[in-house]
Structures are given as C-alpha cells and as structure tokens.
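Participant: fold the following, please.
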Amino acid sequence: MSTIALDRGMRHGFSLAWRGILKIRKNPEQLMDVTLAPIIFLVMFTYLFGGALAGNTDAYLQMLVPGIMVMNILQASMTAGVQMNTDVSKGVFDRFRSMPIARSAPLVGAVLADIVRYVVCIVVLLVVATIMGFRVQTGPAELLIAAALTILFGLCFCWASVFVGMLLKTPQAVQGMMFVLIMPLTFGSNVFVGTSTMPGWLKAWADISPVSLLSDALRGLLNGGAIAGPLTGSLIWMAGAVAVFFPLAMWAYRKRV
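Facilitator: Sure, this is the predicted structure:
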C-alpha cells in the first residue's frame, strides 16, 4: 500500500470515526455496557471472592482491578462487530460503497470510534475501584501508561470482533459467537486467581494468555513489580492480533459488500 493510499485511508477512517462518536453522543445508551458492566463485575467478584481468595477484600481489590480492566475492555471490543453487522444489514455500507472513500475506511472508522467507549470504561472502573478502596501504588505516569496499554489492547483485539461481524449474518449471531470466544479467554487467565493451583494444561495456557500477560503488566504499572516480561508478551499478542485479524476482516468485508 502506497503512502498516499495509506494517508487517504486514515483520513477517511478518522472522518467515519467522528460519525461513530456522534452516534454515541446522540444515543448515550450505547455506553451502558461500558458503564454498568465494570461496576457489576468489580463489586460482584470483590465481595464474592475477596475474603476467600485473599483473606480480605482490600488485598484482593489490588490484584483484581488491573485484570478487570483487561476483561472489560475485551468485552467492550465485542460491540464493534455487532454494530458493523447491524450497519451492513441496514444497508449503510451500500452508501459507503457509492462514496469516493478508501475501502478500509468504514472498518477503520468503526474501530477508532470505540476509543471513546474504552476511555469511558476505564474511567468508570477506576473511579468505582477508588471508592471501594483501590489505590495506585506507583504514580500518575504509570497510571496513564496502563490506561493507554489497555485501550491499545482493545483496539488490536477489536479486529477479531470486526472479522466475526463481517462473517456472520445477524447481530445476534455475532454477539453469541463473541461471547463464546471471550468468556473462556478471560476466565482461563489470572484475572481472578493465580495460575499456581490450576491443572497443568490450563496453567500452561493461562501463563501465556494475552489476558494474563496484560493483567500482569498492568499490575506492575499500578501496584509495582515486574513489567518488562509481561509487557513484551502483551505487545507481541497485540501485533499478532492485528496481523491476523485485520486482513481477515478486510477479506470478509469485501466478500460481504
């Protein structure tokens, strides 16, 4: 792809991202999943398992919050595929096809518009966690880096959702498939418990899972501790997700429209 074509695609993508942001402003109920879900998961898991797993909820909260950040961003990324599928079903992409825009722009725009949802999700989660007793043990710079990494993680893995959204026929099917894919990925990790007590086969996966690696990186950034190893693994997973799912999403998009 030439530099001119890339620049054209990004400009058109940002224009359509603004369209997606305006849709959120006109229909703020689209943010319900990134405002209510973080609160529900955080409160539920902290008070259900905190005493049993960590001895007290305060200690468990420090371990849980970074993992919940990853979990909720991954779940929030599911919406992009659902919305893309809905737009295709309603004929919105037929109008895009008749416009002089880059072929990738509708997909890029939808993914970039999700940044607003991710920011809302992180802010809500951290505010509620702070009220519950969570404290950043490092500093503001580490907190901003942790938030940026989490958003980048969502943007990278969002392409899997877009691929599924272009591949399946109905929004309901997309939502169901993404739920089936995301739940084992998040619960088969160290978000809620350490991996030491897991069966060998599950521990082997959980230790290298993208969710576990990013959770450990965020724990290092927010609570103090090792960062380099899990951060490197997380970045490799993110690059791999884009390298695999962006071409697949474009292929499915061309076949669909």
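
Participant: quick check: phi and psi on Thr138?
Facilitator: When quoted as degrees, to the nearest 10, the phi and psi of Thr138 stand at phi -110, psi -100.

Participant: contacting residues around it?
Facilitator: Contacts here follow Cβ atoms under 8 Å, 6 or more residues apart in numbering; on that basis Thr138 touches 221-224. All C-beta spots, glycine's among them, are computed from the backbone N, C-alpha and C.

Participant: need those residues in a markdown table with secondary structure, distance to Ala105 and neighbour count, can you?
Facilitator: Putting the contacts of Thr138 into a markdown table (DSSP: H, G, I helix; E, B strand; the rest coil; distance: Cβ to Cβ, whole Å; neighbours: other Cβ atoms under 10 Å) gives the following:
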| residue | secondary structure | distance to Ala105 | neighbour count |
| --- | --- | --- | --- |
| Leu221 | helix | 34 | 25 |
| Leu222 | helix | 36 | 24 |
| Asn223 | helix | 40 | 17 |
| Gly224 | coil | 42 | 12 |
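
Participant: tabulate those (CSV), appending pLDDT.
Facilitator: Converted to CSV, the contacts of Thr138 look like this (pLDDT from 0 to 100):
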residue, pLDDT
Leu221, 96
Leu222, 95
Asn223, 94
Gly224, 90
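
Participant: where exactly do the helices run in the stretch 1-150 of the chain?
Facilitator: Chain-ordered helices for the stretch 1-150 of the chain, with DSSP state H, counting those that start in this stretch as the definition, fall at 3-26, 32-54, 57-76, 78-89, 92-97, 105-132, 140-167.

Participant: in the last one, which residues are buried?
Facilitator: This points to helix 140-167. By neighbour count on 16 or more other Cβ atoms under 10 Å, the buried set for helix 140-167 is 142-143, 145-147, 149-167.
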